[in-house]
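Asker: Build me a structure from this.
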Amino acid sequence: GFVVGHAGLYQALAMFAVAYFIIGMTVLSVCAIATNGALDAGGAYYMISRALGPEFGGSIGIMFFLANVCGSALYILGLVEAVVDSFGIPPGQKAGAGVHVLPQSYWYELLYGTVLLALCLLVCLVGASIYAKATFLIFLIVAGVLGTILVSFFATRPIGVPIRLPHFNGSETENGSFTGFSLATLRDNLGGGYGVDYTTGQMMSFSSVFAVMFNGCTGIMAGSNMSGDLKRPSYSIPRGTISAVLFTYLVYNLLAFLMCATCNRTLLQKDYGFLRDISIFPPLVTVGIYAATLSAAMSNLIGASRILYALARDDLFGRALALAKKTSASGNPVMAVILSWLVVQLVLFSGKLNTIAGVVTTFFLLVYATVNLACLALEWASAPNFRPTFRYFTWHTCLLGIAGCCVMMFLISPVSASVSLGFLLLLLLALHYLSPSSTWGYISQALIFHQVRKYLLMLDVRKDHVKFWRPQMLLMVQNPRGSARLIDFVNDLKKSGLYVLGHVELQDLDMLPSDPLQPQQDSWLSLVDKLNVKAFVSLTLAPSVRHGVRQLLFTSGLGGMRPNTLVLGFYDDAAPQDGLAQHPAFTSTREEVPLGFPPLRAPAAPKLLSAREYVGIVADALKMLRNVLLARQLESLDKAWELRRAASPPPAIHVWPVNLLRPDSARYADTCSLFLLQMACVLNMARAWRRARLRLFLCVEAGTMPHAQEEKLRQLLKDLRIQAQIQLVPWDAVTHLHWQTRRGPLGGPAPAGTEEEEEGAVNFPANTTQVSDEYVCAANKLILEQSPAPAVRFLYLPRPPADTSLYPLYLHQLELLTRGLGPTVLVHGVSAVTSTQL
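Answerer: Numbers count the residues shown, from 1 in each chain. As a prediction, the model looks like this:
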């Protein structure tokens, strides 16, 4: 009557259609989730938490608990309103006039609500079985009352109904009328005629009427909330919920039409209990109203208690809800019921029914939207295990349900909707950072997998362009205990590219009962989390390190995301240091270092690979067109101290883009030099290295027009948009040693045809035989003389010689060149990585 009186028949039918469209879409989602596996206590909370994870589940669980609590208070207040209408003493009259014996005031009505709520509490404390019997009895009563009301519309003759309305100086009387079936009455009631709600004194509108009406449709979760008490929830919830929705929709529409055709607007707007006046047996209507509201109040109270119990049992809020876990001997969560009752009692202090209707509706709509979101996520994730037996839904119905809920939320009350969303967001953030990890499975992982697979298929290597090149690193790690700072450093070098930590385990699977890498995987992943590096982990078994690195270079990555750069630690005789224990990730949090990694190799113990095999790995990578980085003494790089010191000048990155082991063919613009420049620039672009300054060293000889070379290099840097300070370094004294001592492998003249003049030639240069140790030491000294000492140096890495017998000599010269330089990266690039195009 309230809805039809204010909104008229057309708008009332539209409200019912919109409301039932929203809850219809939601019911389809509920049925789909409910038939996709075993349900436990908690209803919608259980569905959402197991589908969307603990953050969404916990936050929506709290909001659904509050929605049910407010809903229970709402129905108790509605019942009090009905009781006062029937038995309350009218304003200005004395007690004892007929059945009107109950005093009316805020505190008296609060007392009546408390008594009725205590009755609901008593039923819920006994348990679900008595509640089920009570609600079935109430269902029979309400069905009987509805039957008598339908008969009354046809059997009752036209009558006038005097209506007493509260007024500031007593009361005033208006006359409503029941006209029987009348075309004129129907015409008068077709359009809207919003007036003042006599219980609150507020002017009604479409949104405020819809908010009150929608509370009559929120019972769709009553069955779901009892999921833990049902014998076969997957069978009962779809059938019970759908039949209830269809039944109530038909009843509401039928009642709306009958009221519009028989009651004038004054009666509908000014007397919400008018059905008693037109009934053939008025006391039965009163019993029906009491039964319906009491049933709804009990349903919401028991639903709220089950949600609270499920939240407590899942330990999402820790000790805050520990009390709600306690149950009776029969398994009834009595403490959750009592806590829910206390919260409902607090809400009762708000007083008027329509005051909290908007808040309750907003909360319910938010929960319904999230149920639809859970079903949508499960459908879009396309997980093979999502195969509900209820198939009458698609992602379209889920999307329509979400859109309908969100639109109606903001139409009803923009303020309530905004506050509810803000509260939801706060709960999400709090649970994300504070709640323990769950074993329920995260739908986000399934959705991410689905999308990543789709985009990886779209990532076409044939469309790669140098403008969009980025480093994709494969860092080989023998033991993370000795490589923590190197792992951190390479993370800064990757520039949003792929980063893979590779490890080779020297074992033979034929001789083992099971894969030894699986138990190690968790230790490596924990390490990645603790060091806060954005890296994947790739472990392999191989008979030798070289074979293992080949495997990883061939197989690491997927589609267009494959490593293009191999990073190795330097091969020398330095004793490995356990840098993991001193790493800030462990020293700041006082956490133990992961125990899954073996202790470091003792200095006297043999190495796992020889010098020849180490250089062979470099040669293999270059043959496979992978860039190579060799990192020496990176464990001595204290990045936090270097980059956060307040002293001036800021830390420097020294770049030597010339091949120091081949001074006779020094060039600054070959592929390798440009790659070296690019890597130094990428490091400088990382957030932690932005204070650092690039210093580029231009080695010049007398009589070679150094200023012309400097200007040419400056123009190159300008074209490449690299900001660096150029420093001229005379190196005549160093190159003099080279020309003076240049020899062949056996001390004779250098053999012809060993020099590689053309860029990209297939044969390796044999320049290792053309420079002496004295020259290399002089070059090392030249590098050391450039002060102040930098945070890190980038040097040109020559290609290994074609003759594998010269590998040890090649490695010896690299060791001499980088001896005592501190953190140093030797770089060899094989691919074009710089672009001057827009």
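Asker: What about Trp107, how many residues nearby?
Answerer: Look at Trp107: counted by other Cβ atoms under 10 Å, it has 8 neighbours. The C-beta positions use only the backbone N, C-alpha and C, and glycine is treated the same way.
Asker: going forward, begin numbering at 46 instead of 1
Answerer: Yep, numbering from 46; the last one is Trp152 now.
Asker: Let me know the average pLDDT across whatever helix or strand it lives in.
Answerer: Trp152 belongs to helix 151-171 when assigned by DSSP states H and E. In this model, helix 151-171 has an average pLDDT of 85.
Asker: same check, this time on stretch 275-285
Answerer: For stretch 275-285, mean pLDDT is 82.
Asker: how about it as PDB, C-alpha atoms only?
Answerer: Output of stretch 275-285 as PDB, limited to C-alpha atoms (Å, rounded to 0.1, in the frame of the first residue of the first chain):
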ATOM      1  CA  LEU A 275      20.800 -27.700   5.000                       C
ATOM      2  CA  LYS A 276      21.100 -31.400   4.200                       C
ATOM      3  CA  ARG A 277      21.700 -30.800   0.500                       C
ATOM      4  CA  PRO A 278      22.400 -27.000  -0.100                       C
ATOM      5  CA  SER A 279      23.400 -27.500  -3.700                       C
ATOM      6  CA  TYR A 280      20.000 -29.100  -4.400                       C
ATOM      7  CA  SER A 281      17.800 -27.000  -2.100                       C
ATOM      8  CA  ILE A 282      19.200 -23.400  -2.600                       C
ATOM      9  CA  PRO A 283      18.500 -23.100  -6.400                       C
ATOM     10  CA  ARG A 284      15.000 -24.700  -6.200                       C
ATOM     11  CA  GLY A 285      13.900 -22.900  -3.100                       C
END
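Asker: Now do the buried residues in it.
Answerer: Across stretch 275-285, burial judged by 16 or more other Cβ atoms under 10 Å covers 275, 278-279, 281-283, 285.
Asker: Using TSV, lay out these together with distance to Arg436.
Answerer: Output for the buried residues of stretch 275-285, formatted as TSV (distance: Cβ to Cβ, whole Å):
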residue	distance to Arg436
Leu275	21
Pro278	18
Ser279	14
Ser281	18
Ile282	15
Pro283	11
Gly285	18
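Asker: hey, where'd the helices end up in the stretch 646-795 of the chain?
Answerer: For the stretch 646-795 of the chain, helices defined by DSSP state H, counting those that start in this stretch occupy the ranges 656-668, 684-689, 716-730, 751-764, 777-786.
Asker: Any idea which of those helices gets closest to Thr442?
Answerer: Taking Cβ to Cβ, helix 716-730 is the member of the helices of the stretch 646-795 of the chain nearest to Thr442, at 47.4 Å.
Asker: starting at the chain centroid, how far to that closest one?
Answerer: Its chain's average C-alpha position is 35 Å from that of helix 716-730, according to Cα atoms, centre = their mean, to the nearest Å.
Asker: picking up where we left off before, which among the buried residues of stretch 275-285 gets closest to His873?
Answerer: Closest approach between these and His873, by Cβ to Cβ: Ser279, at 62.4 Å.
Asker: for that closest one, helix, strand, or coil?
Answerer: helix (DSSP: H, G, I helix; E, B strand; the rest coil).
Asker: now it: how far from Ile194?
Answerer: The spacing between Ser279 and Ile194, counted by Cβ to Cβ, to the nearest Å, is 36 Å.
Asker: go on, Arg436?
Answerer: 38 Å.
Asker: between those two, who's got more neighbours?
Answerer: Legend: neighbour count by other Cβ under 10 Å for Arg436 and Ile194, higher for Ile194 (22 against 11).
Asker: Just the pLDDT for the closest residue to the more buried one other than its chain neighbours.
Answerer: With Cβ to Cβ, 6 or more residues apart in numbering as the criterion, Ile194 has its nearest non-adjacent residue at 5.9 Å, and that residue is Leu320. Looking at Leu320, its pLDDT stands at 85.
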